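Chemist: below: sequence and its predicted model.
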Amino acid sequence: MAFPDEFRLDGQVAVVTGGGRGIGEAIAHALSEAGTAVVLAARRADEVEKVARDIAARGGRALAVPTDVTDPDAVDALARAAVDAFGGLTIWVNNAGGSRYFGPLREITLADWRDCLDLNLTAVLTGTNAAARHMAGGGSIVNISSRSAVGPAPGSGHYAAAKAAVNSLTVNFSRELAPSIRVNAIQPSSIPTEVVMDALGLTEADLPAFAERKRIPLGRLGRPADVAGVTVFLCSPAAAWITGEVWTVSGGL
């Protein structure tokens, strides 16, 4: 994939949390193809190590750092690992997220509620703060939110609430970290990643009917690459005057 100069990210260093699969994996590959050295973080060491090998095989630079993003000390160590390995930190993508619980809010346990907030909201706070501490020359932060943040999400109201708060954090951090660090968010919808399919109990065979029910104006379900392209744009010089924005990537929903 070739990028015009204003979309190139040569010499940049990025951290992508949840970078072992799905949207995070696609973002990592896109950033690498745009010229970025990428540090991949996730709990599953085998997944991020595989993505790092794949990037290296394509001529990119990548480092796998197994990380629990709900541990603030581990998140700060992740930022330091990026600086130590590649000499700086200029891009941070808060992508890790998900929920083990799926069901009505009236039945959620406090343990499941806290688990969801720790992963989807608090980790964005600690990740952004860690990034800001180590972005000596400024940079760009992108938070992966969800379209569920702005509408009803039956069975995932807790997750939707966390993502709505991520949108709020995005706007507030954009003011606090300006002018040296830009902060934006992307809220995707209807992208059948492994996490989404597990939560909804879907198989590959179910996807055509799922897409039909969604009635997506652009005529298909989303792909991780749809989010990855917007991420590259938001981190690039082409987006130098964009901050505090939440971008919807939903096929028109």
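Modeler: That came through fine.

Chemist: partners of Ala64 in the sheet?
Modeler: With DSSP bridges as the criterion, Ala64 is bridged to Leu40.

Chemist: that one contacts Arg44, correct?
Modeler: No - counting by C-beta atoms under 8 Å, Ala64 sits too far from Arg44 to count as a contact (10.1 Å). In this view, the C-beta of every residue, glycine as well, is placed from N, C-alpha and C.

Chemist: how many residues are close by Arg43?
Modeler: 15 (other C-beta atoms under 10 Å).

Chemist: no no, Arg61
Modeler: 16.

Chemist: one more: Ala111?
Modeler: The number of residues near Ala111, taken as other C-beta under 10 Å, comes to 10.

Chemist: do you have the helices of the stretch 51-200 of the chain handy? List them.
Modeler: Listed in chain order, the helices of the stretch 51-200 of the chain (DSSP state H, counting those that start in this stretch) span 72-86, 110-117, 123-134, 157-177, 194-200.

Chemist: which residues touch the fourth one?
Modeler: Taking C-beta atoms under 8 Å, 6 or more residues apart in numbering as the criterion, the residues outside helix 157-177 that touch it are 94, 97-99, 101, 104-105, 108, 112-113, 116-117, 120-121, 124-125, 128, 132, 141, 143, 145-146, 148-153, 182-185, 187, 243-246.

Chemist: now, which of those residues lie within strands?
Modeler: Judged by DSSP state E, the subset of the contacts of helix 157-177 located in strands is Asn94, Ile141, Asn143, Arg182, Val183, Asn184, Ala185, Gln187, Val246.

Chemist: which one of the residues you listed sits closest to Ala225?
Modeler: Taking C-beta to C-beta as the measure, Ala225 lies nearest Gln187 of the ones in strands among the contacts of helix 157-177, at 16.6 Å.

Chemist: gap between the closest one and His134?
Modeler: Distance, Gln187 to His134, by C-beta to C-beta, to the nearest Å: 26 Å.

Chemist: same question, Gln12
Modeler: Gln12 is 14 Å from His134, by C-beta to C-beta.

Chemist: kindly report the same for Thr248.
Modeler: Distance, Thr248 to His134, using C-beta to C-beta: 30 Å.

Chemist: comparing the two, which residue is more hemmed in?
Modeler: Using other C-beta under 10 Å, the more surrounded residue of Thr248 and His134 is His134, with 20 against 17.

Chemist: and the helix or strand containing Val230, average pLDDT?
Modeler: If you go by DSSP states H and E, Val230 is part of helix 224-235. For helix 224-235, the mean pLDDT works out to 97.

Chemist: neighbours around the residue lying closest to Val13 once chain neighbours are set aside, how many?
Modeler: Closest residue to Val13 apart from its sequence neighbours, by C-beta to C-beta, 6 or more residues apart in numbering: Phe86 at 4.3 Å. Counted by other C-beta under 10 Å, the residues lying close to Phe86 total 20.
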